[in-house]
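Q: what follows is a predicted structure for the sequence shown.
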Amino acid sequence: MTLGPFGGVNAGYVVELYERFRQNPESVDPATREVFESWIPAEATESASGVRGVDVHVIVGAANLAESIRRYGHLAAQLDPLGSQPIGDPSLSPRAHGISDDDLKQLPATLVGGPVAESSANAFEAIETLRRVYCSTTGFDYAHIFVPEERAWLRHAAESGRFLPSMDPAGMEMLLDRITQVEVFERFLHRTFPGKTRFSIEGLDMLVPILDEMISGAANQGARHTIIGMAHRGRLNVLAHVLEKPYAQILAEFKDPVLARQLRLDLGWMGDVKYHAGASTPVPSGQGFITMPPNPSHLEAVDPVVVGMARASGTDTDHPGAPLFEGTTTLPILIHGDAAFPGQGIVAETLNLSRLSGYDTSGTIHIIANNQLGFTATPDESYSTSYASGLARGFKIPIVHVNADDPIACLEAARLAWEYRARFGLDFLIDLIGYRRFGHNEGDEPAFTQPMMYKKVSSHPTVREQFATMLTEKGTMPAGAGDAMVKKYFTELEQAYASLKPEEDFRPPVSEPAPAGIASRTETAVPLEQLRAINAGLMKAPEGFTFHKKLERGRERRSAVLNDPAEPTIDWAAAEELAFATILADGIPIRLTGEDVERGTFSQRHAVFHDAETGHRFVPLQQFPQARASFEIHNSPLSENGAVGFEFGYNIQEPGRLVVWEAQYGDFINGAQVVLDQFVTSSRAKWGLQPSLVFLLPHGYEGQGPEHSSARPERLLQASAGITLRVVNCTTAAQYFHLLRRQAALLRRDPLPLFVLTPKSLLRNPATASTPHELAEGRFRSVIDDVDAVRRANSIRRVVLCSGKVYVDLASSDRRRAAGDVALVRVEQLAPFPVVSLREVLDGYPSLRDVVWLQEEPENMGAWEFMRPLLEELIADRCPLRYIGRARSASPSEGSLAWHQLNQRAMIERAFDLDSHPTETPKVLSKPARSLTGTKR
Ligand SMILES: Cc1ncc(C[n+]2csc(CCOP(=O)(O)OP(=O)(O)O)c2C)c(N)n1
């Protein structure tokens with residue numbers, strides 16, 4: 001019998017319908033019911049020849065069996081090279097569906113459907129072929145893909161075998177040659193540097209040919225840049241063979257010489273271990289580049305960095321408006337560990353970026369280098385998912401599990417991955433299942449914790465040995481050819497080692513510093529006429545655009561902010577928009593991201609307007625006529641570590657663009673501490689990178705409690721040493737304008753990450769507003785002296801140094817007017833410490849009785865502990881240095897508004913009360929007389 005219109009690929013659907021019909025014949029439409037009723041139950045019919053008619057239940061059983069193999073076949077695949085038994089699934093046996101092999105032989109292959117049906121005589125043969133596809137050394141795991149077109153493509157790709165490499169002898173010998181090169185490299189290092197850590201690839205050797213396949217495949221399709229992120233496992237091998245880092249350089253690093261030119265402590269250069277190093281190299285075919293950024297030991301932390309790099313690499317920003325992203329030009333590949341992938345939250349954060357506008361890469365290919373162990377931890381101890389790759393299922397990423405001892409299956413998986421990416425522009429994951437030949441590192445004894453596994457490993461032939469034997473036995477390659485390859489690669493390495501010249505071969509990537517003073521000399525003023533023209537451009541909305549009523553009023557005010565040059569009409573948000581606009585007019589592209597940045601946490605920015613009638617978006621910075629470069633702004637997902645890692649990657653890949661990330665509140669940057677420590681603040685000292693990312697961190701004590709008050713500047717300042725970063729806590733809109741413009745101007749000439757502690761309630765406070773004049777003249781000032789005090793400099797007895805919002809509290813207090821002998825000096829830039837400007841200011845006050853560092857934060861937080869030794873050195877024996885601020889505390893602030901106000905008042909009182917600190921108090925306040933809350937230490 002045939003299934004007619006219900007056959008082939010519709011079989012699954014027929015089964016479903018038929019099941020429904022069996023339960024309740026009325027539940028299907030009359031036409032279908034008629035067909036089902038015509039199907040003859042087996043027990044009721046027996047032909048004259050005695051051959052049973054085909055039971056409908058058999059048809060349903062066969063179709064269900066085929067479906068089960070497609071869905072669950074991977075559970076029965078032999079994925080472990082060490083031979084552990086797959087868990088299997090009852091639904092993979094005909095019996096589970098109430099049928100036998102003989103039943104299947106009675107049925108047409110079309111019932112099974114797909115390409116296997118074409119080459120099979122009956123359903124039994126088709127099912128056997130399906131088993132070979134789904135239950136051999138590859139486990140296709142794609143039933144979680146909900147888009148029918150994608151699922152059909154994957155099913156056809158798997159079942160047609162169209163991505164299987166051809167088995168031509170020359171190709172097979174080349175493959176053997178490649179895995180020989182991979183293996184011999186490790187064996188040579190093992191022999192030459194016994195016990196030295198190299199995190200050998202052995203057991204996952206096929207990783208290198210998989211990468212070869214993807215890189216050449218992508219290059220043939222027009223990709224110009226492949227970016228690979230990976231941890232320690234197999235990294236040296238990939239660097240040597242995929243990125244072609246010269247053997248001499250790697251061997252020189254193993255020798256670890258201390259060379260005179262390596263010691264660039266004057267530049268803050270510290271270097272890093274060899275298995276964290278990165279490289280960039282042209283693709284052998286000359287079609288582009290392969291890059292592997294350096295990465296820290298923190299597993300998976302590099303994931304968002306690579307994705308950000310890929311996004312930047314594929315983005316064209318050389319025009320006004322929104323940038324254009326063309327994903328096919330860049331291929332990001334992330335290689336994960338099987339314990340790290342499910343264990344580290346940053347993986348989920350990175351996967352979550354994969355389909356978001358502003359973050360997607362047109363598909364990242366993931367490979368889990370799955371050696372079935374963490375450090376010593378087993379899969380049972382490492383993840384709650386069925387496979388190490390389980391997390392990817394929720395992100396709708398197709399998965400192929402593949403046995404790393406089957407080179408042909410591995411290459412098929414590689415081709416499938418990049419073809420899928422090319423076809424759909426989406427992520428793909430290969431779970432490459434192998435083993436680890438040695439311990440976690442080569443000095444480790446794995447049999448302490450995995451005795452049974454390592455009994456197997458010690459007698460398990462390498463993939464090269466197995467493949468060489470197979471080729472010889474099949475007659476593809478003459479006996480002895482495999483051994484000749486081994487010899488060839490040993491000889492090559494021995495020669496490289498014999499001619500090693502560590503002085504020349506070891507090349508630390510040191511970044512030279514910019515000429516001194518370049519930042520302070522940078523011109524950032526913009527003539528008033530130009531500002532007015534740009535502002536008019538920004539205010540021009542598309543024809544018929546309806547603004548929200550409340551925003552309309554704000555725009556009317558904004559249109560007029562530049563009318564009177566001497567009026568303080570420019571608030572923080574206006575200064576920011578004008579800074580961005582003038583930077584774009586200078587031809588520098590901008591990318592601004594963060595949680596809810598489009599509107600701004602405090603409803604201050606409105607960089608994107610939504611038509612009140614239609615919801616259409618209008619982005620003034622993308623539409624004003626003076627722009628010469630693109631502007632993009634994206635509300636980020638609710639992520640810090642992943643989001644900041646992405647922006648860091650974007651920034652280092654395209655350092656000529658101004659990349660700004662804003663925290664919802666400054667303290668949420670805590671969530672990105674790993675990326676800050678491992679990449680942003682230390683990458684110059686470790687790897688010679690020159691990040692210039694900008695962080696906007698709302699900061700200031702306003703009685704909101706321990707959260708939301710502090711951006712934890714102490715942590716940023718702690719990382720500051722030599723040429724590391726800039727930390728700024730500025731007090732006026734004009735300062736912010738000049739600061740952003742200075743950062744843009746320095747992107748090429750003196751790049752450094754910039755952390756700006758930004759205001760909250762002060763965003764709209766007239767005390768921080770500036771005049772148009774202040775934008776049109778001057779530049780960023782690291783230190784702002786007290787203009788009133790300067791006039792009576794001789795009578796000033798105390799200089800209060802402070803930074804940020806607390807200055808406004810001090811300056812606007814009643815006590816200030818009465819305290820004629822106190823000068824309030826703002827330290828707008830905390831790091832690098834503005835020693836020259838501060839010295840100049842302090843020298844202007846000849847009669848000082850003391851200098852005070854005043855801050856809102858507790859004594860063990862804020863800038864005090866960073867400032868203290870620097871100020872002590874600056875002030876020397878002139879007068880005492882004192883601290884006023886909150887007492888030491890484990891929490892950044894008190895939890896009650898009333899208590900906060902009490903403390904703020906006390907601090908201000910004390911600032912202007914010279915007698916509260918008798919002159920005989922020691923200058924070094926390691927034992928201050930009393931701290932703000934009155935406790936003694
Ligand atoms: C964030 C982080 N936590 C802990 C470690 C310490 N560590 C280094 S390797 C390793 C095991 C990693 O296992 P897996 O992800 O399977 O990779 P493998 O080393 O087996 O290739 C651990 C726990 C680390 N490097 N990074």
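A: Right, received. Where do you want to start?
Q: skipping adjacent residues, who's closest to I884 in space?
A: Once flanking residues are discounted, I884 sits nearest to L854: 4.4 Å by CB to CB, 6 or more residues apart in numbering. C-beta: built from backbone N, CA, C; applies to glycine.
Q: tell me the SS of the one you found?
A: Three-state assignment for L854 (DSSP: H, G, I helix; E, B strand; the rest coil): strand.
Q: number of nearby residues for it?
A: Neighbours of L854 under the rule other CB atoms under 10 Å: 23.
Q: swap in K487?
A: 11.
Q: roughly how far apart are it and L493?
A: 11 Å (CB to CB, to the nearest Å).
Q: now M452
A: From M452 over to L493 the distance is 34 Å, taken as CB to CB.
Q: compare the two (neighbour count), which wins?
A: Legend: neighbour count by other CB under 10 Å for M452 and L493, higher for L493 (21 against 9).
Q: distance check, that one against the ligand.
A: Plainly put, L493 is 24 Å away from the ligand if you go by CB to the nearest ligand atom, to the nearest Å.
Q: what is the helix or strand harbouring that residue packed up against?
A: L493 belongs to helix 481-498 when elements are defined using DSSP states H and E. On a contact count with 3 or more CB pairs under 8 Å, 6 or more residues apart in numbering; DSSP states H and E, helix 481-498 meets helix 169-192, helix 247-255, helix 463-474.
Q: report the buried residues of it.
A: G482, M485, V486, Y489, F490, L493, A496, Y497 (16 or more other CB atoms under 10 Å).
Q: what's the neighbour count on S847?
A: Going by other CB under 10 Å, the residues that sit close to S847 add up to 12.
Q: give the contact list for it.
A: S847 makes contacts with N794, S795, I796, R797, as judged by CB atoms under 8 Å, 6 or more residues apart in numbering.
Q: please repeat the previous calculation with a cut-off of 6 Å.
A: By CB atoms under 6 Å, 6 or more residues apart in numbering, the contact list for S847 reads N794.
Q: and the residue of the chain nearest the ligand?
A: The chain approaches the ligand most closely through G337 (2.0 Å), counting by CB to the nearest ligand atom.
Q: show me what that residue is bridged to.
A: Under DSSP bridges, the beta-bridge partners of G337 are A369.
Q: quick check: the gap between it and Q221.
A: For G337, the distance to Q221 - CB to CB - is 29 Å.
Q: again with T361
A: The gap separating T361 from Q221 is 15 Å, by CB to CB.
Q: who has more neighbours, these two?
A: T361 (26 against 13).
Q: from what I see, that one and A310 are in contact.
A: Yes: with contact defined as CB atoms under 6 Å, T361 counts as touching A310 (4.4 Å).
Q: where do the contact lists of the two overlap?
A: Joint contacts of T361 and A310 (CB under 6 Å, 6+ apart) are P332.
Q: closest to the centroid, which residue in the protein?
A: The residue lying closest to the centre of the chain (CA atoms, centre = their mean) is P304, at 1.2 Å.
Q: that one contacts F646, correct?
A: Yes: the pair P304 and F646 passes the contact test of CB under 6 Å, sitting 4.3 Å apart.
Q: which parts of the stretch 201-350 of the chain are helices?
A: Applying DSSP state H, counting those that start in this stretch to the stretch 201-350 of the chain gives helices spanning 207-220, 235-241, 247-255, 303-313, 340-343, 345-353.
Q: can you list contacts of the fourth one?
A: What it means is helix 303-313. 225, 227, 229, 330, 332, 334, 350, 361, 364, 642, 645-646, 648-650, 653-654.
Q: just the C-alphas of it, formatted as CSV.
A: Taking C-alpha atoms only, helix 303-313 is exported to CSV below (Å, rounded to 0.1, in the frame of the first residue of the first chain):
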residue,chain,number,x,y,z
ASP,A,303,33.9,34.9,24.6
PRO,A,304,32.1,38.3,24.5
VAL,A,305,35.4,39.9,23.6
VAL,A,306,35.7,37.8,20.4
VAL,A,307,32.1,38.4,19.5
GLY,A,308,32.6,42.1,20.0
MET,A,309,35.7,42.0,17.8
ALA,A,310,33.8,40.3,15.1
ARG,A,311,30.9,42.8,15.2
ALA,A,312,33.4,45.7,14.9
SER,A,313,35.3,44.0,12.1
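Q: pLDDT (mean, whole number) over that helix?
A: Here helix 303-313 scores 98 as its mean pLDDT.
Q: can you pull the residues of the stretch 201-350 of the chain lying near the ligand?
A: Taking CB under 6 Å from any ligand atom, the part of the stretch 201-350 of the chain that reaches the ligand is made up of R233, S297, H298, L299, G337, D338, A339, A340, Q344.
Q: how deep is the fourth one tucked in, by neighbour count?
A: Spelled out, that is L299. Neighbourhood size, L299 [other CB under 10 Å]: 21.
Q: which ones are touching G439?
A: E445, P446 are the contacts of G439 under CB under 6 Å, 6+ apart.
Q: what's it sitting at in phi/psi?
A: phi -80, psi -170 (degrees, to the nearest 10).
Q: ditto for S630
A: Backbone torsions of S630, given as degrees, to the nearest 10, read phi -80, psi 150.
Q: tell me the spacing between it and S357.
A: 15 Å.
Q: more neighbours: the two, which one.
A: S630 (22 against 9).
Q: beta partners for that one?
A: Beta-bridge partners of S630, as defined by DSSP bridges: G321.
Q: so for it, what's the pLDDT?
A: Listed pLDDT for S630 reads 98.
Q: one more: E46?
A: The model's pLDDT for E46 equals 40.
Q: can you give me the strands in the stretch 351-500 of the chain?
A: Under the criterion DSSP state E, counting those that start in this stretch, the stretch 351-500 of the chain contains strands at 365-370, 399-403, 428-433.
Q: make JSON lines out of the helices and strands packed on helix 481-498 and add mean neighbour count and mean pLDDT.
A: Output for these, formatted as JSON lines (neighbours: other CB atoms under 10 Å; pLDDT from 0 to 100):
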{"stretch": "helix 169-192", "mean neighbour count": "19", "mean pLDDT": "97"}
{"stretch": "helix 247-255", "mean neighbour count": "19", "mean pLDDT": "88"}
{"stretch": "helix 463-474", "mean neighbour count": "18", "mean pLDDT": "97"}
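Q: helices along the stretch 701-850 of the chain, start to end?
A: Taking DSSP H, counting those that start in this stretch, the helices of the stretch 701-850 of the chain run over residues 713-718, 733-746, 772-776, 787-791, 805-811, 814-818, 835-843.
Q: which stretch in those helices has the least confidence?
A: Among the helices of the stretch 701-850 of the chain, helix 814-818 carries the lowest mean pLDDT (a mean of 89).
Q: can you list contacts of that helix?
A: So helix 814-818 is contacted by F912 (CB under 6 Å, 6+ apart).
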